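Q: sequence? don't have it. structure:
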């Protein structure tokens, strides 16, 4: 097994993956914007580069065989960053990319950012790189951040989502990064149970010890409640809820258990195991 490159290594997902790879004794290079923020991982090399700086990224990835490509931060248009990252990987001689995509990624997806994920998957394949796409469901870690004044509001209707913890996505990523048998595959990645937002709010409230409820909004109410934000932000925020309403996020896969041998946490298990995710609500 050659060198594994990990982008976004200072973030919540990338740092978890880096630590798991270290436990396996994998040779890895952590690609970060700021070396002082790189996780302290025994034996790992650290390289400083950003997606925007194609030349620096090419140098950072030279010698890397498999790349864990964490998607860039959501923005009005992040595709130039993704194009730069893929071009740098090709120029550096990377063979395979494990990319953090989104469930339901498609050119016609309801969620605007899921369309970008689809374009990025296509870009990776057309560039000649071998792709392993992890199409992740909504992160369970995000649910507590949706709460405002004891309410989760959005146009999700009665749709369902199988929340998945970053903890479990990281376990899966470490497995597929160290086994080339997972090349040329697209995986739906979810938690074990599809919940509507009313059920999700009830579980969160029970763990937190607070009254938290879901309020279904119309599209018009949702847009009005975010007045003042930029249009791309409103479209992305509302689109994530509408993808729940349409059923695009309701897929419940067995990928994590099948690949890692251990089922992922339920939403309640995640909340009880990682109380820091909701401590701000207390």
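A: Alright, I've got the coordinates. None of these values were measured; they are calculated from a predicted model.
Q: sec struct for the nearest residue to residue 146 once chain neighbours are set aside, please.
A: The shortest distance from residue 146 to any residue other than its chain neighbours is 4.8 Å, reached at residue 152 (Cβ to Cβ, 6 or more residues apart in numbering). C-betas here are computed from N, CA, C, even on glycine. What DSSP: H, G, I helix; E, B strand; the rest coil gives for residue 152 is strand.
Q: Against residue 133, how distant is residue 152?
A: 29 Å (Cβ to Cβ, to the nearest Å).
Q: now residue 112
A: Taken as Cβ to Cβ, the span from residue 112 to residue 133 is 18 Å.
Q: Same drill for those two, tell me which one is more crowded.
A: Comparing residue 112 with residue 133 by other Cβ atoms under 10 Å, the one with more neighbours is residue 133, at 24 against 16.
Q: what's near enough to touch that one?
A: Residues counted as contacts of residue 133 (Cβ atoms under 8 Å, 6 or more residues apart in numbering) are 99, 101, 105, 121, 185-187.
Q: for it, which residues make a bridge with it?
A: On the basis of DSSP bridges, residue 133 takes part in beta bridges with residue 99, residue 186.
Q: so residue 61 touches residue 30, yeah?
A: No: using Cβ atoms under 8 Å, residue 61 makes no contact with residue 30, being 11.7 Å away.
Q: Find the residues that touch each one of the two.
A: The contact sets of residue 61 and residue 30 overlap at residue 47 (Cβ under 8 Å, 6+ apart).
Q: neighbour count winner among the two?
A: residue 30 (28 against 25).
Q: Make sure I have this right: that one is in a strand.
A: Yes: with three-state DSSP as the criterion, residue 30 is located in a strand.
Q: quick one, what contacts it?
A: Contacts of residue 30 by Cβ under 8 Å, 6+ apart are 6, 9-10, 14, 18, 38-39, 41, 44-47.
Q: let's see it at 6 Å
A: Going by Cβ atoms under 6 Å, 6 or more residues apart in numbering, residue 30 touches 6, 9, 18, 38, 44, 46.
Q: ok, and the most crowded of these?
A: Neighbour counts for the contacts of residue 30 (other Cβ under 10 Å) peak at residue 6, which has 32 neighbours.
Q: Looking at strand pairing, list the partners for it.
A: Residues in beta-bridge contact with residue 6 (DSSP bridges): residue 30, residue 68.
Q: Which residues are in contact with the closest residue to residue 11 other than its chain neighbours?
A: Excluding the flanking residues, the one nearest residue 11 by Cβ to Cβ, 6+ apart is residue 70, at 6.5 Å. Contacts for residue 70 were tallied using Cβ under 6 Å, 6+ apart; they are 7-8, 14, 100.
Q: same check, this time on residue 243
A: Residue 243 sits in contact with 110-111, 249, where contact means Cβ under 6 Å, 6+ apart.
Q: Correct me if wrong, but it is in a helix.
A: Yes: under three-state DSSP, residue 243 falls within a helix.
Q: how much space between it and residue 120?
A: Distance of residue 243 to residue 120, computed by Cβ to Cβ: 17 Å.
Q: Who are the contact partners of residue 15?
A: residue 39.
Q: Can you tell me the element it falls in?
A: Applying DSSP states H and E as the criterion places residue 15 in helix 12-23.
Q: and the angle from that helix to strand 28-32?
A: For helix 12-23 against strand 28-32, the angle by axes from the mean of the first three to the mean of the last three Cα atoms, to 10 degrees is 160 degrees.
Q: buried ones in helix 12-23?
A: For helix 12-23, the buried set under the neighbour-count rule, 16 or more other Cβ atoms under 10 Å, comprises 13-22.
Q: This completes my enquiry, with thanks.
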